[in-house]
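Novice: take this sequence and fold it.
(chains A, B, C and D)
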2 protein chains.
Amino acid sequence: MTRRPQKKPYHHGDLRRVLVETAETMLREDGRFQFTLREVARRAEVSHAAPYNHFPDKSALLAELGMVGFDRLREALVASRPKKVPTLREEFVEMSRAYVSFGVENPALYRLMFSPDVGSDVHLSERAVSAFRVLVELLERGQQDGVVRKGAARTLSAACWAQVHGITMLTIDGLFMPETVGAGALETALAVLFEGLER
Amino acid sequence: MTRRPQKKPYHHGDLRRVLVETAETMLREDGRFQFTLREVARRAEVSHAAPYNHFPDKSALLAELGMVGFDRLREALVASRPKKVPTLREEFVEMSRAYVSFGVENPALYRLMFSPDVGSDVHLSERAVSAFRVLVELLERGQQDGVVRKGAARTLSAACWAQVHGITMLTIDGLFMPETVGAGALETALAVLFEGLER
DNA sequence: CTCCAAATGTTGACACGAGCAACATATGGC
DNA sequence: GCCATATGTTGCTCGTGTCAACATTTGGAG
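Specialist: Numbering: from 1, shown residues only, chains lettered A, B, ... in the order given. Next up is the predicted model:
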């Protein structure tokens, strides 16, 4: 009789996961990146200090969210490959679109992933590099097929990463809009980039 | 006798400007973007509520700083033109370097310029577009010389902007470092980009 | 010159978030 | 069964953004 499942037990049981998920939801709702630990606790129906049993401080929770974000991004990139056997260029464009879409659809999360608020967490950088590697592999295949110029694949990939990251950020900031940069700017940017990659 | 110049007069005289300059200094010192209105007031040797006579709220001061930042950036771009009559490519590379240097040398300010904390201030966007136009003009000249592919110059410029913005941001975040992206990644990225711009 | 309205500063409040400490309750290994 | 530990709670302290009430200056209008 000490346990009444319909009433909340003293111990939550899986609070850490719930906190992360709740925070994720808040990021998705907010658009703006502005959430408080206390608000997360409130939504999780837990006292304002409870999160400190699972995260040393706020930025640790943010770092966790950032890692989740990079994992998601990585998955989105991997999943972007077209079904039909595509040309490398098609594959490249699809992956780039997937990247930008991810950021535009999750602006607060995306910004968080690159925010200084998460501190310079080593694990976070590792996740970022892990997502980055998906791009490196694509370019390596392109080099084997002779479609992509010679050179260190990770260096060429960095150029691509910078390009899509820049497009994503500017779009989120409302600076990459048709009235400013013209229609079809995304397509143009990707075309310029890819043609620069060709030998 | 009501005025004693060596003692601080009740009215500051030019507080608005001092606040902006103080805040700028703090941004330069901080590296991290983390400053408070009260700290600005403290440094300006003024009461904590004094800034509210000049800015409706914190984000208004931030927006002002952002505008200053875009003006500085614009000046840096304009000043980047090499002395000797250069090829367009040289000019392009120099301007890009100047852009990235600006961001890397003023990380907190640069981040602020693209931060959601400043709100979507219309004036800020205008300043951003104004800086952006320097790039558009360069590409238009390139098109007249037949060095740059045809197409709306502002759309091609957007691709460049995204590239240098991405490089700058990733560098500030410590993700565009040699151990991750290889040595000479900046040069490679700019080469890829420029060659993509050529017809 | 005088006097008042507006501009500009100051003090003191309030609400709220981060983080810490002391305490309460559950859990799991012995 | 019992106690160390993990997990939650309550209640503080401190700092920040913002507002309201009040003080001091300044710049005209008369």
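Novice: chain A: helices as residue ranges?
Specialist: A:15-30, A:37-43, A:58-78, A:88-105, A:107-113, A:122-144, A:153-172, A:178-181, A:185-197 (DSSP state H).
Novice: which among these is found nearest to DNA strand D?
Specialist: The stretch from the helices of chain A with the least distance to DNA strand D (CB to the nearest atom of the strand) is helix A:15-30; that distance is 3.4 Å. The C-beta positions use only the backbone N, C-alpha and C, and glycine is treated the same way.
Novice: residues contacting the closest one, please?
Specialist: With contacts defined as CB atoms under 8 Å, 6 or more residues apart in numbering or on different chains, helix A:15-30 is touched by A:12, A:33, A:35, A:39-41, A:43-44, A:46, A:50-51, A:53-55, A:61, A:64-65, A:68, A:106, A:108-109, A:112.
Novice: stretch A:172-190: which residues count as buried?
Specialist: For stretch A:172-190, burial by neighbour count (16 or more other CB atoms under 10 Å in any protein chain shown) applies to A:Ile172, A:Asp173, A:Leu175, A:Phe176, A:Thr180, A:Val181, A:Gly182, A:Ala185, A:Leu186, A:Thr188, A:Ala189, A:Leu190.
Novice: check what pLDDT the nearest residue to the fifth one once chain neighbours are set aside gets.
Specialist: Taking CB to CB, 6 or more residues apart in numbering or on different chains, and ignoring the residues beside it in sequence, A:Thr180 has B:Val129 as its nearest neighbour in space, at 6.1 Å. B:Val129 carries a pLDDT score of 95 in this model.
Novice: from B:Val148, how far off is B:Val129?
Specialist: Per CB to CB, to the nearest Å, B:Val129 is found 20 Å from B:Val148.
Novice: and the two? Which one has more around it.
Specialist: B:Val148 (22 against 16; other CB atoms under 10 Å in any protein chain shown).
Novice: ok, the more buried one touching B:Arg199?
Specialist: Yes - using CB atoms under 8 Å, B:Val148 is in contact with B:Arg199, at 7.0 Å.
Novice: how many neighbouring residues does A:Ser47 have?
Specialist: 11.
Novice: identify the residues contacting it.
Specialist: A:Ser47 is in contact with A:Ala41, counting by CB under 8 Å, 6+ apart.
Novice: redo that, cut-off 10 Å
Specialist: A:Arg38, A:Ala41 (CB atoms under 10 Å, 6 or more residues apart in numbering or on different chains).
Novice: now the phi/psi pair for it, please.
Specialist: The phi and psi torsions at A:Ser47 (degrees, to the nearest 10) take the values phi -70, psi 160.
Novice: picking that back up, tell me which of the buried residues of stretch A:172-190 is nearest to A:Arg81?
Specialist: Proximity of those to A:Arg81 (CB to CB) peaks at A:Leu190, which lies at 16.1 Å.
Novice: please name the residues that touch that closest one.
Specialist: A:89, A:92-97, A:100, A:160, A:163-164, A:167, B:159, B:196.
Novice: what distance do you get for it to DNA strand C?
Specialist: A:Leu190 sits 38 Å away from DNA strand C, going by CB to the nearest atom of the strand, to the nearest Å.
Novice: no further queries at this time; thank you.
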